[in-house]
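A.B. asks: coords below, sequence missing:
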């Protein structure tokens, strides 16, 4: 059974930083493209960042480019999202996810596995 356990969310002031973690079990990072999504109240879930842990281009949403960094430690089966210079508009529930390679990553239904989500709140 594939399971993702997220951690690292919380409350932070604008300009601060957080690092989200997503530990996977029953899952091999090398076989998938991994990513982070977020969903703010009343809004659709949106892709934040994704990349193939075995190589390939890394994608960032324009709103987070230069502030967020996605990474993984395959030996620990864990992915991370380092979030710097946080803004109130970054407030959302953040989800880690995985998709099969060569999927249409911009389509939510391409993402096969999901974490339970972790709340990030940025105060002004």
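C.D. replies: Happy to help now that I have it. In this text the structure is predicted, and so the values were computed from the model without any measurement.

A.B. asks: In the protein, where is pLDDT below threshold?
C.D. replies: 53-55 (pLDDT under 70).

A.B. asks: and the gap between residue 80 and residue 49?
C.D. replies: Taking CB to CB, to the nearest Å as the measure, residue 80 falls 10 Å from residue 49. Using the backbone N, CA and C atoms, a C-beta is placed for each residue, glycine as well.

A.B. asks: Oh, that last question was meant for residue 25, not what I typed.
C.D. replies: 22 Å.

A.B. asks: Now the nearest residue in space to residue 24 that is not next to it in sequence: phi and psi?
C.D. replies: Take residue 24 and drop its neighbours on the chain: the residue closest to it by CB to CB, 6 or more residues apart in numbering is residue 77, 4.7 Å away. Backbone torsions for residue 77, taken as degrees, to the nearest 10, come to phi 50, psi 40.

A.B. asks: What about residue 77, how many residues nearby?
C.D. replies: 17 (other CB atoms under 10 Å).

A.B. asks: ok, now residue 117?
C.D. replies: Taking other CB under 10 Å as the criterion, the count of residues near residue 117 is 18.

A.B. asks: all numbers from here: first residue = 42
C.D. replies: Right, with 42 as the first residue, what we last looked at is residue 158.

A.B. asks: Can you tell me the closest non-neighbouring residue to it?
C.D. replies: Using CB to CB, 6+ apart, the closest residue to residue 158 is residue 134 (4.3 Å).

A.B. asks: and the one you found, what are its bridge partners?
C.D. replies: residue 80, residue 160 (DSSP bridges).

A.B. asks: Might you report the residue contacts of it?
C.D. replies: 79-81, 158-161 (CB atoms under 8 Å, 6 or more residues apart in numbering).
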